[in-house]
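Enquirer: Sequence and predicted structure below; questions after.
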Amino acid sequence: MSLLRYESQVRPPLVEGEKNYHQVTEDICRPVETRPTKAWWIGFIISVAFLAFGILSVTVEVIYGTGQWNLNKTVGWGWDITNFVWWIGIGHAGTLISAILLLFRQGWRTGVNRAAEAMTIFAVICAGQFPIWHMGRVWNAFFVLPYPNTRGPLWVNFNSPLLWDVFAISTYFTVSLLFWYSGLLPDLATLRDRAKKKWRKVFYGAAAFGWTGSTKHWQRHEALSLVLAGLSTPLVLSVHTIVSFDFATSVVPGWHTTIFPPYFVAGAIFSGFAMVQTLLVVTRKVLGLEEYITIEHIDVMNKVIVLTGSIVGIAYLTELFMAWYSVVPYENFAFFQNRLNLNSPYGWSYWIMMGCNVLSPQIFWIKKMRRSLELTFFMSVLINIGMWFERFVIIVTSVYRDYLPSAWSTYYRPTIWEVGFYLGTFGLFFTCYFLFSKFFPVIALAEIKHILKKNGAAYKKKMDELEHESVDEFGQKHGHDHGA
Amino acid sequence: MSQNKYWQGFGEVNDPDNLKKLSQDEFQEELPFEGFDDKGLIDAKAPRRDFLKYLGFSTVAATLAAGCKVPVRKAIPYANKPENLIPGVAKYYATTYVQDGNVIPVVAKVRDGRPIKIEGNDLSTLTGGGTSARAQASVLDLYDMYRAKFPLHRTVKGDEVKFEEVPKFEQIDKMVSDAIIAASGSIVLLTSTIVSPTTLDIIGKFPNLKHVQYDGVSYSGMLLANEASGFGRKIPSYDFGAAKVIVSLGADFLGTWLTPVEFSRGYSRGRKIDEKNPVMSKHYHFEGHLSMTGANADERFTHRPSEVGNLALALLAAVGGSVAAPSITDDKLKKAIDKVAANLKAHNGEALVVCGSNDKNIQIVVNAINSAIGAYGKTIDWSKPLNSFMGIDSELNDLVSQMETGQVGTLLIYGTNPVYSYNDAERFKAALKKVKVSVSFNEKMDETTELCEYIIPSHHYLESWGDAEAKPGYTSFIQPTIYPLFKTRPFQTSLLLWSGNPKEYETFFKEYWTAKLGSAEVFNKALQNGLVETVSVASAGSYNNGAVPAAASAISTYSKGTGAELVLYQKVSIGTGSQAGNPWLQELPDPVSKATWDNYVMISMTKAKELGIQLDSDYEYYPEKPVVELTIGKNKVELPVLVIPGMNADTIAVAVGYGRNEASGVTAAGVGKNVYSLATNNGTTVDYYVTGVTVTNLNKKYKIAQTQKHNSYEDRKEVIRETTLATFKKYPDVIPEYREELQNDYYNNANGSFREATLYPQHDQPGIKWGMSVDMNSCTGCSACIVACHAENNVSVVGKREVLRYHDMHWLRIDRYFISDEKNPDELKGVVFQPMMCQHCDNAPCENVCPVAATNHSSEGINQMTYNRCIGTRYCANNCPFKVRRFNWADYNGADSFPDNQDQQLVGKLDRVVGQMNDDLTRMVLNPDVTVRSRGVIEKCSFCVQKLQAAKLTAKKENRMLADGDAKTACQMACATGAIVFGNVHDKESRITKMREDNKQRGYYVLEQLHVLPNVTYFAKVRNTDELIEVEHKEGGTEVHNETGNAADSAAKLPTGVTTQEAQQ
């Protein structure tokens, strides 16, 4: 009877606990419909406090100028752009999970895609803060928009990678937001239908855009999902590619590298998955969703992490090889003196990067390690530290010693406002995430029901039973009516 | 037609009159004040409720008014347009900068009544239009808010010192003359050396006045030695241009010794390279510490400062003088002496030996050497002696003794500051108390002035009439360029009045010169030119070697130094310290150490090792430098250390001119330490070196703000190019071959096509294309260009704290690279100075990365900045390979969108000097042609585009083509050695085109391999040594040639636009 099986027997169920549709609905809607827990409040207040400090930091910087940060005439970008690239990288996993994995029909994505998409959106919002507030005259930021104006021929410079960033990020954000929201529609309708309080009915009613669950709706929803997935897929690759162009198209040794686009994308997926892991390990525990976000999910994502981590590692080695092979003295210096050399002022940051991003994820070749929650959490944090340092290494260690030794500078360490801005974006991110987890289902309700029949524990159990039945038994059990 | 009456309300129907009235008075109701009773508002009894209303309103109104402070911007137009003055058009007045013995004829640029820029006077045959950093900065001194602003009377009651303003000059004149009459004892006038003939005339006519001249840094040793050698108390003219061999025994003649502007000009003349026949003068330098001049030397030898006498004797013996050669233990020095002597002898009559020592005996020996090598009459001209630096150390000593014994009744002080610069300042202070009447005429409140009883401040030179005779017959004039800003008076007027000649100095001066020059017309013409140069008739004197044996035997008794020896030197920026209150000069990086805002101990690496100072990366990378204590007898000074290569192992050096007191203003106050007191008196003169100094490492740290931290060159390619004369003669084509190879490589990859080699289109430059060339062989590092750039382009002063954060704003910097012996870094092979400014690349990397096109390329090849388009992403600064773009990190100029935005406390606190630069008075120095940049925007060198535009407009108005030399950049004009040439490279006849054409073997672009196509050419530095740097014969290069054909072929393949450009390189 194995022909009846949708998937291999060795695959463990993606939804555990032999759930039926109603139970799934109950489980996932519970956190939204009950009062927030004490833990939620504590986390939320801490996040808002961080956010407030971030706002203060930025305010001071806007009033007094970029000199509130310790950048200097040689190091024009430091924590600001490091954090920007870091957050953008984190914002990659969500869309990758939703779009690319949707196209590849990866059923396991349904458990994690909602949270990952939300994370993407929040991370892109956080990322967007940096290029905006790092401007010396932020009130003129609108100059980067190609809008019709009265300034005659004055127009944006389409040669500038920074302008490409503006387009790439805004497009990515828009599409990600649409994708996330269109996926939310059926779930919002569920919440609306279950709502007992007036405001919830109004709020979710408005948010659900009149979703009735008719076949027509479902049909259009599916079509839209596919279209958006198709749109998002190239965006996942393009955003970080374009961000990498900020560096790759420059003349700075250490930035001017053709390997950057694929290397940045791999790194982004790497760090994005790590961030998803960080969040999910906590979310599933706090919201009691262990049966939906299973060890199996964690395992699969750790596999992606070890793969992308290794790609990143190869990229690092390729860079080194090219620096040596090209015989360009400046590039050689950037890699072997500014980075590899532990005695150079920022040599340590290169080795933190190497350790966190390349060496440590190799532990995930071992299955037991992939399935350890504690280790996964630890590693996910470690990887994001490593990925932060990757960006720091690229930006600061290239530019602080470039062509003319007379202009070299080492006096770059962040001020309280630079750190404050970064912490503030954490505040922003988690404030958003806490609100999201309170008001929206963190697991895609409708989508998980899709796979319940195919990958759920109850289904698997039934299929197991069928497997062991002989044809006769099967006939007796299910075919007696026909005999009559 | 209906006759119906339409109505809207009952009022209209029933009471139309009242309604009409109501609708006319908009606010028809009477104000409901209670108890108003027609008695008026004041008399109304205000009930509690109204009181609260008023209180609330007025509080809110006051808060709003106070909180929404609108910055007041002042622009005062002329009520009546003055004759001969067009607002917005600059006028130029010839005048003369006189300070610390330097007489530099200059032209002051005056815009709308305000002098804003100092330029050299081309008519002067001495300076040839060259200036120094201090002369360039002097315009800022005019607007110094810490100048003495009115006459003051100082009274002391117990411990309390009070300065009272004396409202009228008559009053203070009366007070002073009464006091002088009442005081018994002599009247003494203490001044720095006076070079003004009229002033000397006035002083000479003052009855019973004793005149003592005293200079902060003295040359009395030379004066006395020259007297002993039969030339009289004179300092001769030195012609460095005529000398084929120049030997300097510690004389920093390009930086601070005597008249460096004149010397630099001559020196560079002898060192210009003609590629067809490369010859240049040979410069040997002996010194203890690394000076700017030493950095320029061809061969440099270090020794203990106490050894200079022996070296002079040895050199004299070696060139054939009849003295016994002293034993010189150092083998290197011994060989050096022989080599130098041989070279000097070979160039008899074409050589010159100068010595920086202030010791009479040593200078007598140096005179003997110069006599032996036939320098007199050839490279040394006694018929044109200097009029400055005439102070004799012993005269001040005698004066102080007289003051101590109460013989001096009245002391008048002008242009000198002995309480600060005298080596026994405490003694002077005590003696000053014994003087009954003390009067100071100084421009600023300084250490001496604040101890004087009467203070009658004098004008700044830009407000004055006057004259200066640098050498007999070379007179330049000083004329006012602005009405005196404060209640000041020329000190000559005071002298005239008090000597019973009630005449303004102006009248006296005009009468004097009209009489002397023959007519008012000639005088006016002279004033216009700023100078009169007549053939000198001074007698030359003749050399007499009678004093040599005695001097030689005296020198042999000099104690040999042991342990550390200290040298006091002057920095090119601060000099003797008289202009220490000038923010531009304080922020000017020292050419050698690249440090701003401090003095420090320069020590050798050997000494550093001895002191246990680790020269690790932390020392190099971070501004915290170790602090040491110098102990000399009772004197102790705590100073930070900078380890400099090329120092004699046992020599330590500290600059004078720092450590001014609070009275001199927030700029100078507290910056560095005053070390004049460490100078010692050898009985005749002041010695600026001390032996037996104890140096203790205090294991403390102090931050020094350097603008360049990395000293080594790190084997970069095509940044600096340097070779020796011998190598250059043997392999003249090293640079062109390398460049050709680069180009071949480049076009090879692009199928030999320029267009295919780049993604970006070629800029169209149909008319002018501006270009600059910098001859590194002429650049001495003097930094006058940096200050000129500051003044011309309103470049901000950011203060030490910001320099420490690497936020300095210099548009033009002079990069300094040390070339050391790999094995022994103290052994310095050379120093290269490279002025670095925006290279105005044709393929500018900054331009294509700006998202808003705030930086773009002009049709004249200039990389331009549009400040009000800039949003401050700093991407251009990151992408600039030369790192010449500067970002406004804070509101340095008060030009921010947020008013009064300089009060940050937590991070980036600004120094008080930023406040000073933003003071209304100081801001008068700003050039109105150049935008003051707000914070948050990038700025950089613009090739002084405002001057180029002005030149083009003038040419257009005069309906002619722009001539070569019409447009000059500020740095070019300031340069005394002509190292910077600027012009239109499309003009085949222009100086720059010819210069590039004539120097093809030395010309190169920095980082040419990046193919950013800069518009600034550098000419390689050539050091006149016999060292032959073997060039690896590049077989690869030959192969490339074979593949692509010869250079002419590949040039022919280029499109036209490129050919012009490349051909001119």
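Expert: Now that the structure is in, tell me what you want to look at. Numbers count the residues shown, from 1 in each chain, chains lettered A, B, ... in the order given.
Enquirer: Hmm, A:Phe440 is touching A:Leu184, no?
Expert: Yes - in this structure, A:Phe440 is within contact of A:Leu184 by C-beta atoms under 8 Å, at 6.4 Å. Any C-beta I mention is one placed from the backbone N, CA and C, and that applies to glycine too.
Enquirer: who's more crowded, those two?
Expert: A:Leu184 (23 against 20; other C-beta atoms under 10 Å in any protein chain shown).
Enquirer: Could you pull up phi and psi at that one?
Expert: For A:Leu184, the backbone dihedrals (degrees, to the nearest 10) come out as phi -70, psi -20.
Enquirer: OK, contacts around it?
Expert: Contact analysis of A:Leu184 by C-beta atoms under 8 Å, 6 or more residues apart in numbering or on different chains lists A:Arg114, A:Ala207, A:Phe440.
Enquirer: if I look at the last one, how far off is B:Ala1020?
Expert: The reference is to A:Phe440. Separation of A:Phe440 from B:Ala1020 (C-beta to C-beta, to the nearest Å): 69 Å.
Enquirer: Which residues of the stretch 351-484 of chain A lie near chain B?
Expert: Residues of the stretch 351-484 of chain A lying near chain B by C-beta under 8 Å from any C-beta of the partner chain: A:399, A:401-411, A:415-417.
Enquirer: Let's see which of those end up in helices.
Expert: Among those, DSSP state H puts A:Val399, A:Ile416, A:Trp417 in helices.
Enquirer: Run through the residues that contact the residue in chain B positioned nearest to chain A.
Expert: Here chain B gets closest to chain A at one residue, B:Gly872, 2.0 Å apart by C-beta to the nearest C-beta. Going by C-beta under 8 Å, 6+ apart, B:Gly872 touches A:Thr66, A:Met135, A:Gly136, A:Arg137, B:Phe887, B:Asn888, B:Gly936, B:Val937, B:Ile938.
Enquirer: Enumerate the residues of the stretch 151-300 of chain A near chain B.
Expert: Close to chain B, as judged by C-beta under 8 Å from any C-beta, the stretch 151-300 of chain A has residues A:154-157, A:159-163, A:166, A:246, A:249-252.
Enquirer: Going by neighbour count, which of the residues you listed comes out on top?
Expert: Neighbour count (other C-beta under 10 Å) singles out A:Asp246 as the most crowded of these, with 26 neighbours.
Enquirer: show me the contacts for it.
Expert: Counting by C-beta under 8 Å, 6+ apart, A:Asp246 touches A:Ile81, A:Pro161, A:Leu162, A:Asp165, B:Tyr875.
Enquirer: B:Thr696 now?
Expert: By C-beta under 8 Å, 6+ apart, the neighbours of B:Thr696 are B:Val628, B:Glu629, B:Thr631.
Enquirer: please redo it, this time with the cut-off set to 10 Å
Expert: B:Leu611, B:Val627, B:Val628, B:Glu629, B:Leu630, B:Thr631, B:Lys636, B:Glu638 (C-beta atoms under 10 Å, 6 or more residues apart in numbering or on different chains).
Enquirer: Columns distance to A:Ile363, pLDDT and neighbour count on top of these, output as CSV?
Expert: CSV is the format used below for the contacts of B:Thr696 (distance: C-beta to C-beta, whole Å; pLDDT from 0 to 100; neighbours: other C-beta atoms under 10 Å in any protein chain shown):
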residue, distance to A:Ile363, pLDDT, neighbour count
B:Leu611, 49, 88, 17
B:Val627, 49, 93, 18
B:Val628, 52, 93, 28
B:Glu629, 56, 92, 15
B:Leu630, 59, 90, 22
B:Thr631, 61, 90, 14
B:Lys636, 61, 89, 12
B:Glu638, 55, 93, 14
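Enquirer: Now the two most distant members of these.
Expert: The span of the contacts of B:Thr696, defined through C-beta to C-beta, is set by B:Leu611 and B:Lys636 at 16.1 Å.
Enquirer: What is the nearest of the contacts of A:Asp246 to B:Gln905?
Expert: Nearest to B:Gln905 among the contacts of A:Asp246, with distances taken as C-beta to C-beta, is A:Ile81, at 26.9 Å.
Enquirer: Ramachandran coordinates for the closest one?
Expert: phi -80, psi -30.
Enquirer: I'd assumed A:Val243 was in contact with it.
Expert: Yes - assessed by C-beta atoms under 10 Å, A:Ile81 is found in contact with A:Val243 at 9.5 Å.
Enquirer: Find residues that contact each of those two.
Expert: A:Pro131, A:Arg391.
Enquirer: Among the contacts of A:Leu184, which ones are in helices?
Expert: Those of the contacts of A:Leu184 mapping onto helices are A:Arg114, A:Ala207, per DSSP H.
Enquirer: pLDDT for the contacts of A:Leu184 - can I get that in CSV?
Expert: Formatted as CSV, the contacts of A:Leu184 follow (pLDDT from 0 to 100):
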residue, pLDDT
A:Arg114, 84
A:Ala207, 91
A:Phe440, 89
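Enquirer: Nearest spatial neighbour of the closest residue to chain B within chain A, chain-adjacent residues omitted?
Expert: The minimum distance from chain A to chain B, using C-beta to the nearest C-beta, falls at A:Gly136 (2.0 Å). Leaving aside its sequence neighbours, A:Gly136 sits nearest to B:Gly872 (C-beta to C-beta, 6 or more residues apart in numbering or on different chains; 2.0 Å).
Enquirer: One more: A:Gly347?
Expert: Among residues not flanking A:Gly347 along the chain, A:Asn341 sits closest, at 4.9 Å (C-beta to C-beta, 6+ apart).
Enquirer: what number of residues lie near the one you found?
Expert: Using other C-beta under 10 Å, A:Asn341 has 14 neighbouring residues.
Enquirer: so who does it touch?
Expert: A:Phe333, A:Phe335, A:Gly347, A:Tyr350.
Enquirer: Okay, and the first one sits in which element?
Expert: Going back to what we said before, that points to A:Phe333. Per DSSP states H and E: A:Phe333 is located in helix A:329-333.
Enquirer: Fine, thanks again, bye for now.
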